[in-house]
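Student: Return atomic coordinates for the entry below.
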Amino acid sequence: MSDHYEHQGKGRDVQKDMLAAWYKRLETATADGRKVAYLFVPGNIAELLRVFDIEVCYPEINALQCGIKRTSQSLIMTAEDMGYSSDVCGYVKNDIGLLSTGNKGPFGGLPKPDLLLCTYCGCTTFIKWFEQLAEYYDVPIVMLDVPYQRDGSIAPGDVAYLVGQLREIAGACEKLTGRRFDEARLAEILKLSAEAEDLWASILHSARRRPSPFDAYFEAVFFMAPIYALRGTQECVDYYRIAAAEIDERLRHNIGPVPDERFRLVMEGPPPWPAFRSFWELFKTWGAVSVASTYSKVGGFWDRGFRHDPDRPLESIAEYCLGCYTNQSLPMRSGLIRSYVDEYDADAVVIHSVKSCRSFSVGQADFREEFTRMRDIPTLLVESDLVDPRYFQHAQLKNRVDAFFEALEHRRLIGAPAAGAAAPHAAAPHAAAPHAAAPHPAAPGGTRA
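Tutor: Below you'll find the predicted structure:
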């Protein structure tokens with residue numbers, strides 16, 4: 001991007017440096033005498049662990065790093081040679097394959113965990129995954145059992161059930177570290193979380209503008225990394241101030257992810273990491289911008305108003321776990337996607353179904369039928385995989401994507417109503433000016449896909 005713009009590219013560059021520093025801290029944690037816990041992104045309770053100065057490591061983030069940097073296939077095949085089925089989650093097989101390398105990936109070396117903290121939030125694979133790691137590493141596993149949400153209401157009894165478990169986990173952390181559980185410190189950490197969440201929500205909401213300054217899927221997948229890896233820290237807050245300044249500058253100068261926004265999409269499902277750029281280009285070619293996505297909420301509904309509350313520390317952590325996307329029923333997920341179509345004035349829904357992730361992908365074909373036949377929302381469903389490049393067939397995907405956008409163009413020509421025919425949203429400043437394209441951001445790990 002031209003030097004004329006002060007903030008463009010800062011979100012990409014700073015994120016790259018932050019994640020590199022985070023992985024460096026993980027690599028030296030054991031030698032430095034720090035304890036390490038492995039946990040999952042959905043429903044993670046990193047703030048509670050930070051009270052005890054426990055470093056947090058996320059196997060999902062490690063796996064997507066391997067996918068982005070195209071080292072995942074050999075790791076997956078190693079796991080399959082060990083007996084893991086081709087139907088097993090690609091993230092799991094990548095993680096098991098890493099063990100054969102001594103846990104050395106493109107991000108550096110990973111420490112052996114001192115604690116495996118399994119937050120069960122809707123994905124049964126999480127349980128089996130960490131049971132395997134507990135056997136391989138010979139370390140304790142602690143389960144946080146999160147009640148499944150079926151109707152969108154969080155019962156007080158569910159919150160109390162989780163708070164009791166959180167106190168037990170705090171006790172386990174006291175024994176592990178020799179540190180006392182300090183609820184006042186937890187409140188201070190949660191205050192930082194809430195501040196970062198406010199800034200991240202403002203970035204997500206910026207996509208309501210037409211044209212959108214932000215791609216809420218292809219850009220969001222790297223903008224969202226610090227809210228999971230580093231939430232509850234001052235550096236996370238500082239990052240989102242920088243990222244928010246970049247988006248604000250785009251709004252002022254009418255900069256967006258594509259030069260000319262032609263189609264607005266709601267995206268469901270995670271991206272195919274080994275082919276991240278190729279997948280994005282299939283949509284950019286058509287001037288398509290993702291204005292909302294479910295994957296960017298897989299670890300929290302900041303855009304729907306949730307904030308960690310320092311005045312109710314354990315209760316708000318419990319509510320966070322209960323409300324995450326993977327812990328919601330299919331009707332709740334379907335309703336969320338429909339609401340995004342209206343709120344963000346979208347033209348269509350695109351579902352990327354993950355072959356090796358049946359717990360997430362189940363029901364997506366039903367979503368397509370519901371949206372297309374009952375809601376008159378044009379919907380495209382394509383399939384590949386999170387980190388297994390053997391399932392990404394570029395030519396076939398391109399044919400399907402191109403045919404879909406040709407049909408959308410025809411729909412406009414014959415005057416069919418827009419999919420998201422809700423109340424119009426305010427236009428971005430200088431809407432009549434040419435819409436400059438934002439610099440192509442780095443992939444979530446900081447390297448270009």
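Student: alpha carbons only for contacts and neighbour counts from here, please
Tutor: Noted.
Student: hey, where'd the helices end up in the stretch 251-400 of the chain?
Tutor: All helices of the stretch 251-400 of the chain, identified by DSSP state H, counting those that start in this stretch, fall at 276-284, 313-323, 330-343, 358-361, 364-369, 394-413.
Student: can you redo those helices as CSV with distance to Tyr239, mean pLDDT and mean neighbour count?
Tutor: Shown next, in CSV, are these (distance: least, C-alpha to C-alpha, whole Å; pLDDT from 0 to 100; neighbours: other C-alpha atoms under 10 Å):
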stretch, distance to Tyr239, mean pLDDT, mean neighbour count
helix 276-284, 23, 97, 18
helix 313-323, 22, 95, 24
helix 330-343, 26, 95, 18
helix 358-361, 30, 79, 16
helix 364-369, 34, 92, 18
helix 394-413, 34, 95, 14
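Student: mind putting those in a markdown table, distance to Arg375 included?
Tutor: Shown next, in a markdown table, are those (distance: least, C-alpha to C-alpha, whole Å):
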| stretch | distance to Arg375 |
| --- | --- |
| helix 276-284 | 23 |
| helix 313-323 | 26 |
| helix 330-343 | 9 |
| helix 358-361 | 20 |
| helix 364-369 | 9 |
| helix 394-413 | 15 |
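Student: For Val146, find the nearest of those helices.
Tutor: helix 313-323 (6.2 Å; C-alpha to C-alpha).
Student: buried sites along the helix or strand that contains Ala243?
Tutor: Taking DSSP states H and E as the criterion, Ala243 maps to helix 234-253. Neighbour counts using 16 or more other C-alpha atoms under 10 Å place 236-251, 253 of helix 234-253 among the buried residues.
Student: Do a quick rundown of the strands in this structure.
Tutor: Remark: strands assigned in the chain by DSSP state E are 36-39, 55-57, 104-105, 108-109, 115-120, 141-145, 255-256, 263-268, 288-293, 348-354, 379-384, 436-437.
Student: what's the fifth one packed up against?
Tutor: So that's strand 115-120. strand 36-39, helix 124-137, strand 141-145 (3 or more C-alpha pairs under 8 Å, 6 or more residues apart in numbering; DSSP states H and E).
Student: out of those, deepest packed?
Tutor: strand 36-39 (a mean of 22; mean count of other C-alpha atoms under 10 Å).
Student: mind listing what that one pairs with, with the direction of each?
Tutor: If you go by DSSP bridges, strand 36-39 pairs up with strand 55-57 (parallel), strand 115-120 (parallel).
Student: Select, out of those strands, the one closest to Arg150.
Tutor: That would be strand 115-120 among the strands paired with strand 36-39, by C-alpha to C-alpha, at 15.5 Å.
Student: Using CSV, write out the CA atom coordinates for the closest one.
Tutor: This file holds the C-alpha atoms of strand 115-120, laid out as CSV (Å, rounded to 0.1, in the frame of the first residue of the first chain):
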residue,chain,number,x,y,z
LEU,A,115,-1.8,-29.9,31.9
LEU,A,116,-4.4,-30.8,29.2
LEU,A,117,-7.5,-28.7,29.7
CYS,A,118,-10.3,-30.0,27.6
THR,A,119,-13.2,-27.5,27.3
TYR,A,120,-15.9,-29.7,25.8
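Student: what angle do it and strand 141-145 make?
Tutor: Counting by axes from the mean of the first three to the mean of the last three C-alpha atoms, to 10 degrees, strand 115-120 lies at 20 degrees to strand 141-145.
Student: what residue ranges in the chain are flagged as low confidence?
Tutor: For the chain, the stretches with pLDDT under 70 are 1-3, 417-449.
Student: Any figure for the gap between the residue nearest to the spatial centre of it and Ile141?
Tutor: Residue closest to the average C-alpha location in the chain (C-alpha atoms, centre = their mean): Ser296, at 4.2 Å. Note on Ser296: its distance to Ile141, by C-alpha to C-alpha, to the nearest Å, is 28 Å.
Student: Repeat that for Met224.
Tutor: 27 Å.
Student: do Gly102 as well
Tutor: With C-alpha to C-alpha as the criterion, Gly102 and Ile141 are 21 Å apart.
Student: Please apply the same query to Tyr5.
Tutor: 49 Å.
Student: and what of Ala292?
Tutor: Taken as C-alpha to C-alpha, the span from Ala292 to Ile141 is 35 Å.
Student: what do you get for Leu64?
Tutor: 23 Å.
Student: any chance of the helices and strands packed on strand 115-120 in JSON lines, plus distance to Val92?
Tutor: As requested, the helices and strands packed on strand 115-120 are exported to JSON lines (distance: least, C-alpha to C-alpha, whole Å):
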{"stretch": "strand 36-39", "distance to Val92": "13"}
{"stretch": "helix 124-137", "distance to Val92": "6"}
{"stretch": "strand 141-145", "distance to Val92": "16"}
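Student: Chain neighbours aside, what residue packs nearest to Ala187?
Tutor: Of all residues not flanking Ala187 in the chain, Pro310 sits nearest, at 4.2 Å (C-alpha to C-alpha, 6 or more residues apart in numbering).
Student: so the one you found makes contact with Leu186?
Tutor: Yes. Pro310 is in contact with Leu186 according to C-alpha atoms under 8 Å; the separation is 7.5 Å.
Student: Residues in a beta bridge with Leu144, which ones?
Tutor: Going by DSSP bridges, Leu144 forms beta bridges with Thr119.
Student: was I right about it contacting Gly122?
Tutor: No. Counting by C-alpha under 8 Å, Leu144 does not reach Gly122; the two are 11.6 Å apart.
Student: burial measure for Ala31, as a count.
Tutor: Neighbours of Ala31 under the rule other C-alpha atoms under 10 Å: 10.
Student: of all the strands paired with strand 36-39, which lies closest to Thr285?
Tutor: strand 55-57 (36.2 Å).
Student: Measure how far the closest one is from the centre of its chain, please.
Tutor: 17 Å (C-alpha atoms, centre = their mean, to the nearest Å).
Student: looking at the strands paired with strand 36-39, which is closest to Ile377?
Tutor: strand 115-120 (32.7 Å).
Student: so the closest one versus helix 313-323, what angle?
Tutor: 60 degrees.
Student: Could you list the residues in contact with strand 115-120?
Tutor: 36-40, 42-44, 126-127, 130, 133-134, 139-146 (C-alpha atoms under 8 Å, 6 or more residues apart in numbering).
Student: Now do that strand against helix 124-137: the angle between them, please.
Tutor: Using the same axes, to 10 degrees: strand 115-120 against helix 124-137 is 170 degrees.
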